[in-house]
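Novice: here is a sequence with its predicted model. Questions after.
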Amino acid sequence: EVQLVESGGGLVQAGGFLRLSCAASGFTFDGFAIGWFRQAPGKEREGVSLISSSDGSTYYTDSVKGRFTISSDNTKNTVYLQMDNLKPEDTGVYYCAASRGLHYSVGPMGRYEYNFWGQGTQVTVSS
């Protein structure tokens, strides 16, 4: 059974940090790009960051550049999202998703089809 399981969310004060994890089972990251999305209450889901297993390229939406870092550990089949200097506007449910294919020089996340999704983890940043 294919699963993506997120963890690491929580409540943190503005300026703080969290590290989210996305662990995969039932498939390996080879041949996939793994992305993080978030959805705040009353807002549409937005793509936050993406990493390709094909060439290691990464993408970040403008609002998180310089604060978030995506990485992967293929030995653990896990992708991480290090979130530093968190802001209240980062609050939302964070989901990871897997896009099958050989993605090179990844760009805006709306370009890709996502085949598998996790259940999400809540991140709340207080002011």
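Specialist: Cool, got the structure.
Novice: beta-bridge partners for Cys22, please?
Specialist: Glu6, Val79 (DSSP bridges).
Novice: got the contact list for it?
Specialist: 4-6, 34, 36, 78-81, 96, 118 (CB atoms under 8 Å, 6 or more residues apart in numbering). Yep, even glycine has a C-beta here, placed from its N, CA and C like the rest.
Novice: likewise for Arg38?
Specialist: Taking CB under 8 Å, 6+ apart as the test, what Arg38 contacts is 45-46, 48, 90, 92-95, 123.
Novice: again, only this time at 6 Å
Specialist: Applying CB atoms under 6 Å, 6 or more residues apart in numbering to Arg38 gives the contacts 48, 92, 94.
Novice: try Asp55
Specialist: Tyr104.
Novice: what helix or strand is it on?
Specialist: For Asp55, there is no enclosing helix or strand under DSSP states H and E.
Novice: Gly16 versus that one, what's the distance?
Specialist: Plainly put, Asp55 is 32 Å away from Gly16 if you go by CB to CB, to the nearest Å.
Novice: what do you get for Tyr60?
Specialist: From Tyr60 across to Gly16, the span is 19 Å (CB to CB).
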